[in-house]
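> need the 3D shape of this:
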Amino acid sequence: MSGLINTKRSFALIAINSLFFYSCSVMPKPAGVTPIIATIESSPQLVVTSHYSTKLAGNRTASGEIYDPSKLTCAHKTLPFGTMVKVKNPKNSKIVIVKINDRGPFIRGRELDISNAAATKLAISGVQQVEMEILDIN
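Numbering: from 1, shown residues only. Predicted coordinates:
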């Protein structure tokens, strides 16, 4: 019986050590090489946006951040969290730069769900078409 316990204990230690060393091993980037995803450029595209309900203030976003309606943030279905996006209201040429920190909107035809602060700066209420341009992908 003690042999079985020792075998299990040895296996557990090997597994833990393997996970530890695997998680600590980071491949260094060669000097002067920029990750491909960071070099993606985006030309402005027309998309439909909506804005968050104020009732969501204080709730966690998909990135783990707390939603603050006074910050310039937005939701997108697929862009990585931390991506910076320029949003322009074509009706009045007002522009804001927002950070992706949530997922959504999950309503067909909509690409962005912007915070109340962003909607206010753009003078948008309800659902509207905007120009979206990806500035920086993290």
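
> ok, residue 117 touching residue 67?
No. Between residue 117 and residue 67 there is no contact under CB atoms under 8 Å: 11.1 Å. Just so you know, the C-beta spots here come from the backbone N, C-alpha and C atoms, and that holds for glycine as well.

> for the helix or strand where residue 101 lies, name the packing helices and strands.
Per DSSP states H and E, residue 101 falls inside strand 95-102. The contact analysis (3 or more CB pairs under 8 Å, 6 or more residues apart in numbering; DSSP states H and E) places strand 95-102 against strand 73-76, strand 84-88, strand 112-114, helix 116-122.

> in a markdown table, list those along with mean pLDDT, mean neighbour count and distance to residue 138.
Shown next, in a markdown table, are the helices and strands packed on strand 95-102 (pLDDT from 0 to 100; neighbours: other CB atoms under 10 Å; distance: least, CB to CB, whole Å):
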| stretch | mean pLDDT | mean neighbour count | distance to residue 138 |
| --- | --- | --- | --- |
| strand 73-76 | 96 | 26 | 13 |
| strand 84-88 | 97 | 20 | 8 |
| strand 112-114 | 96 | 24 | 17 |
| helix 116-122 | 96 | 20 | 19 |
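
> tell me which of the ones you listed lies nearest to residue 103.
Distance to residue 103, taken as CB to CB, is lowest for strand 73-76 among these, at 5.8 Å.

> remind me what that closest one packs against, helices and strands.
Under the contact criterion of 3+ CB pairs under 8 Å, 6+ apart, strand 73-76 touches strand 84-88, strand 95-102, strand 112-114.

> Serialize the ones you listed to JSON lines and add fields for distance to residue 125.
As requested, these are exported to JSON lines (distance: least, CB to CB, whole Å):
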{"stretch": "strand 84-88", "distance to residue 125": "15"}
{"stretch": "strand 95-102", "distance to residue 125": "15"}
{"stretch": "strand 112-114", "distance to residue 125": "11"}
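
> mind checking which of these is nearest residue 131?
strand 84-88 (4.2 Å).
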